[in-house]
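S.K.: 3D model of this:
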Amino acid sequence: MSEFSSYPKLRDIRKLYCATPYELSHIPDDVIRNIGRHLIYLLHTGRTDVSGDDWGDIFAKVLNGTHFASPVGIADVAVGKSAWSLKTVKSSNVFGTKSVRLISGRCSPDYSFGISNPHEDIQRTGQAVLAVWNARIDIAYESYNPVRVNVLIRSDDMTKFRIFEEHIERYRTTDYEWKENRNGNLEGYHKVRGTKCFTWQPHGAQFTIHTDVPDDARKFRIRKPPVAPIDEVLKM
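M.R.: Predicted coordinates for the structure are as follows:
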């Protein structure tokens, strides 16, 4: 990811990069407040947690965007030509956690490349997994630019939250070394940094991205409302 939060000023930049509701890593206060309002509403109606679909609905409503019934590549929500992949994860230490695991869907080397035995050549399998993910990124960028991932970290009791965003970019498949762990899953490590970046599970083909939580992630709390009695709701 680039050290700059936005593209440089260029004469033909409008052809590539479209205006967004806000700059990367600068989520406005009114957006945070409106997200909190929707979370409080769900809790008031008896919900005890939010799903990924709930988070997509909330984010789309707050930005007056569109939440797709099925993703466009990896894009879940769009506002004009800007798109987001929406993720939410639980943490027992919301304000202190340094990294999160983002479940990013199925990437099947068997279906996409005919690799029926993923353990035969794990380097080739790992590169195939990233190639599938990169293809989904390409699909999103065919229709949208920029494309970001937006992550909501939530506490078990739904009172503490952090939000952060990153630009989504293609991974260079040759930058990673793959190893098999004792559970038979494949783990991708950056060859230079040595950090674990990915986990891929052959059973179910689930792909997980290990992501650092930036220090400037927005933090907020909500006060849980009382649950609305069903009789009062029915009267209304």
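S.K.: what's the helix or strand hosting Asp110 packed up against?
M.R.: Using DSSP states H and E, Asp110 sits in helix 109-113. Judged by 3 or more CB pairs under 8 Å, 6 or more residues apart in numbering; DSSP states H and E, the packing partners of helix 109-113 are helix 122-143. Placement of C-beta: from N, CA and C, glycine included.
S.K.: host element of the residue most central in space within the chain?
M.R.: For the chain, Lys87 is the residue whose C-alpha lies nearest the centre (CA atoms, centre = their mean; 3.6 Å). Using DSSP H and E, Lys87 maps to strand 82-90.
S.K.: show me how far that strand is from its chain's centre.
M.R.: Its chain's average C-alpha position is 4 Å from that of strand 82-90, according to CA atoms, centre = their mean, to the nearest Å.
S.K.: what do you get for stretch 120-140?
M.R.: That offset, for stretch 120-140, works out to 18 Å (CA atoms, centre = their mean).
S.K.: hang on, isn't Arg124 packed against Gly114?
M.R.: No: with contact defined as CB atoms under 8 Å, Arg124 does not reach Gly114; the gap is 11.4 Å.
S.K.: so where's this structure shaky on pLDDT?
M.R.: 1-18 (pLDDT under 70).
S.K.: helices along that one, start to end?
M.R.: 29-44, 52-63, 109-113, 122-143, 230-235 (DSSP state H).
S.K.: Ser85 - how many residues pack around it?
M.R.: 25 (other CB atoms under 10 Å).
S.K.: returning to what we had before: hey, C-alpha coordinates of the strand holding Lys87 in CSV?
M.R.: Extracted C-alpha coordinates of strand 82-90, given in CSV (Å, rounded to 0.1, in the frame of the first residue of the first chain):
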residue,chain,number,x,y,z
SER,A,82,-16.1,4.0,-5.5
ALA,A,83,-16.5,0.5,-4.0
TRP,A,84,-15.8,-1.2,-0.7
SER,A,85,-15.3,-4.8,0.4
LEU,A,86,-17.0,-4.9,3.8
LYS,A,87,-15.6,-7.1,6.6
THR,A,88,-16.5,-7.4,10.3
VAL,A,89,-14.7,-9.4,13.0
LYS,A,90,-15.0,-9.9,16.7
